[in-house]
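Undergrad: Pasting a predicted model and its sequence here:
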Amino acid sequence: MKIKILLTGIIFALSHVTAVAQDLPNDPNYKGQGTWQQEHEDQWAIKRVGFTDDENSAWNKMSDDAEEVIVAVIDTGLDWNHLDMSWNNIWVNPGEIADNGIDDDGNGYVDDMIGWNFFANDNKPWDHDGHGTFVSGVIAGTWNNDAGIAGINPKAKIMVLKALNNFGHSRASYLSAALVYATDNGAKIVNMSVGGEGETKMLAEAVRYANSKGVVVIVAAGNSAVNVEDFGFAAMDEVITVGSTDLEDKRAVFSNWGAKLDISAPGLDVLSLRARRTDFMEGIPGITYEAGAAYVGDDNRYYRASGTSFSAPIVAGVASLLVSNRPDLTGEEIKRILLNSAQDVDTPGIDQYTGYGLVDANAALTANKDFFIEASITGVAVQQTESGTVVAVMGTTNADQFSNASIQMGQGDDPAEWKVITDDIEAAVSSGQIGGIPAAEFAGSTVWVIRLITTHENGRTREARFRLDLG
Ligand SMILES: [Ca+2]
Ligand SMILES: [Ca+2]
Ligand SMILES: [Ca+2]
Ligand SMILES: [Ca+2]
């Protein structure tokens, strides 16, 4: 089937080819290592979260009848002529007839074939910056075409919503309008690698509207190495806030952090597409960058970059694969699965530098939709009981299939050994008293760490730690 679309006065031929995800992709940069003299693999970032080049690859968890899914990328636009961005992976508005000057589908936008340019208020969301093309490539760069990179989801269709200008600046009104467009036109996942904007009432309402329609909004935490709490809408509870990890699965030095951070993905030296005539690392304040240094490939059509902007689309790509595999999942279920199946890294348990941890495509794709596992210690309380003074441990230990919980304690800030106080807590507790530690146990040190381990029926655990200073 051939469809012709008129855009910027040029005719694009779309040949409809069905991508079948059976084998692992042959793309040279997916297979490659050291292309820019680096020690890690070219696409280490997606391999780290499960898209490995072996039988354990998360791509092998894709069902044969995986469905197409619309992923809206609210960014600087797209280079739709890129050789590694197939028209099969770009959303085409089914209700619109190109270039007839009529809003055929009545959605308020005339001749919007692949999305919209909210800056110019026209139907040509071309990418003059490169950021949006890069983000789109991580999610949906052409898979298994013997060229360049492999995007995460061969079934993803990118809806191109240009709401940032060439300098990465935007306005809350453009972002809000883009979110509403994405929601009203069938996107299930929205990627917003946009930071530093204030949370306006309008934008918050747009996010809540998207949520109410089951749309999952994934937002980059930002690159200022500050608490994301002060970082506008990235701190909203209704979005999935994504931070960056490095090659050692630690928080990348630039990544924002804090209690509002939900999950992490690699954000260092990520490889993706370079939009024609762009070099977006140039002109970023505080970065020493030599023009052209980030180009990759003989034809300079690829690019490598670091930032939470490139971690967010890794999570968005995994989220979209979940939808492709299981289209019936609700937005809340997708979020719960992504967070609860994440691989715990850095400090054990949910921590302020990596949130729930590193997104885990294999675990997410195989997780039960109800799966969750919680462990948190909110505080301690001294109690007098018949058997003496007890330090009560307060918090939550819970799971959809709760097996048991254990309370342990160790000396000092980073205990080398743990003493098990109890490991037979058989009832889940939600915001209450989980157990108690006899006061006598606290002899011999002023600083203690109490840890709680929740175990799910499936054997997975989650840990929480609480530092107690008696000095
Ligand atoms: Ca329209
Ligand atoms: Ca039209
Ligand atoms: Ca490719
Ligand atoms: Ca952790």
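TA: Thanks, I have the structure now. Ligands and ions are numbered 1, 2, ... in the order given.

Undergrad: where's V253, which helix or strand?
TA: Under DSSP states H and E, no helix or strand contains V253.

Undergrad: And the pLDDT for the residue nearest to it when sequence neighbours are not counted?
TA: The spatially closest residue to V253, leaving aside those adjacent along the chain, is A225, at 6.5 Å (C-beta to C-beta, 6 or more residues apart in numbering). Backbone N, C-alpha and C define where each C-beta goes, glycine included. Model confidence at A225, given as pLDDT, is 89.

Undergrad: ok, now which ones touch A225?
TA: Contacts of A225 were listed using C-beta atoms under 8 Å, 6 or more residues apart in numbering, and they are V253, F254, S255, N256, W257.

Undergrad: just checking, the second one touches D246?
TA: No: counting by C-beta atoms under 8 Å, D246 is not a contact partner of F254; they are 9.7 Å apart.

Undergrad: Please enumerate the shared neighbours of these two.
TA: G267.

Undergrad: Please compare these two by neighbour count and tell me which comes out ahead.
TA: Neighbours were counted for F254 and for D246 using other C-beta atoms under 10 Å; F254 has more, 20 against 17.

Undergrad: Where does pLDDT dip in the chain?
TA: Along the chain, the parts satisfying pLDDT under 70 run over 1-22, 196-199.

Undergrad: interface residues of it facing ligand 1?
TA: When proximity is defined as C-beta under 5 Å from the ion, the chain approaches ligand 1 at E96, D103, D105, N107, Y109, D112.

Undergrad: and if we set it to 8 Å?
TA: 93, 95-96, 103-112 (C-beta under 8 Å from the ion).

Undergrad: are any of the residues you listed buried, and which?
TA: Among the residues of the chain next to ligand 1, those buried by neighbour count (16 or more other C-beta atoms under 10 Å) are N93, E96, Y109, D111, D112.

Undergrad: So which residues of the stretch 101-250 of the chain form helices?
TA: Taking DSSP state H, counting those that start in this stretch, the helices of the stretch 101-250 of the chain run over residues 131-140, 172-184, 201-212.

Undergrad: Quick one: residues contacting E282.
TA: Taking C-beta under 8 Å, 6+ apart, we find E282 in contact with Y289, A291.

Undergrad: Generate JSON lines for the buried ones among the residues of the chain next to ligand 1, with distance to W36 as supplementary columns.
TA: Shown next, in JSON lines, are those (distance: C-beta to C-beta, whole Å):
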{"residue": "N93", "distance to W36": "38"}
{"residue": "E96", "distance to W36": "41"}
{"residue": "Y109", "distance to W36": "40"}
{"residue": "D111", "distance to W36": "40"}
{"residue": "D112", "distance to W36": "38"}
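
Undergrad: so which of these comes closest to W418?
TA: Nearest to W418 among those is N93, at 57.5 Å by C-beta to C-beta.

Undergrad: a strand runs through that closest one, doesn't it?
TA: No: applying DSSP: H, G, I helix; E, B strand; the rest coil, one finds N93 to be coil, outside a strand.

Undergrad: surely it meets V110?
TA: No: using C-beta under 8 Å, N93 is not in contact with V110, being 11.2 Å away.

Undergrad: Name the residues contacting each of these two.
TA: In contact with both N93 and V110: no residue, using C-beta under 8 Å, 6+ apart.

Undergrad: Among the contacts of A225, name the buried ones.
TA: Restricting those to buried positions leaves F254, S255, N256, W257, with burial counted as 16+ other C-beta under 10 Å.

Undergrad: Now the stretch 151-300 of the chain against ligand 1: closest residue?
TA: N185 (8.7 Å; C-beta to the ion).
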